[in-house]
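Participant: Build me a structure from this.
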Amino acid sequence: MYVIAFRYAVDADRAAAFERTYRGDGVWARFFATGAGYLGTDLLRSEGGDYLLLDRWESAAAYDAFLAANREEYDRRGREAEALYAREERLGAYEPVGPV
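Facilitator: Numbers count the residues shown, from 1 in each chain. Modelled structure (predicted):
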């Protein structure tokens, strides 16, 4: 498994729209689901209102292949979604240590 993690700061008045877009059945997840190797998305909210987003893929190669095939659409969606959050931070990409 390959997991890409992001942290978002979201203003309260945009939280509902942000969640609809980024949750596991949201706009981004449905887009990713068109790619081979996509395993799902988890959206977590902290007590302070920040969000942690985890996109899960079978492998880095599956994620890279999806991006290569969909780069223009990915970038377009990303630009449109920028209005939903105050700050985005890519925390990194991770692979499990030991059995999953």
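
Participant: Could you look up the next helix or strand downstream of the top helix by length along the chain?
Facilitator: The longest helix of the chain (DSSP state H) is helix 60-81. Sequence-wise, the next helix or strand downstream of helix 60-81 (DSSP states H and E) is strand 87-94.

Participant: show me where pLDDT drops low in this structure?
Facilitator: Within the chain, the stretches with pLDDT under 70 are 100.

Participant: coming back round to it: what packs against the longest helix of the chain?
Facilitator: On a contact count with 3 or more CB pairs under 8 Å, 6 or more residues apart in numbering; DSSP states H and E, helix 60-81 meets strand 2-9, helix 27-32, strand 51-57. Every C-beta, even on glycine, is put in place using the N, C-alpha and C of the backbone.

Participant: Can you list the buried residues in that helix?
Facilitator: Neighbour counts over helix 60-81 (16 or more other CB atoms under 10 Å) mark Ala62, Tyr63, Phe66, Asn70, Ala81 as buried.

Participant: Which of these sits closest to Ala5?
Facilitator: For these, the residue nearest Ala5 by CB to CB is Tyr63; the value is 12.6 Å.

Participant: related to what we said a few turns ago, could you work out the most separated pair of the buried residues of helix 60-81?
Facilitator: Ala62 and Ala81 (22.0 Å).

Participant: Quick check: nearest residue in space to the most centrally placed residue in the chain, chain neighbours excluded?
Facilitator: With distances taken as CA atoms, centre = their mean, the residue of the chain nearest its centroid is Asp55 (4.8 Å). Leaving aside its chain neighbours, Asp55 sits nearest to Ile4 (4.7 Å; criterion: CB to CB, 6 or more residues apart in numbering).

Participant: Ala68 versus the one you found, what's the distance?
Facilitator: 15 Å (CB to CB, to the nearest Å).
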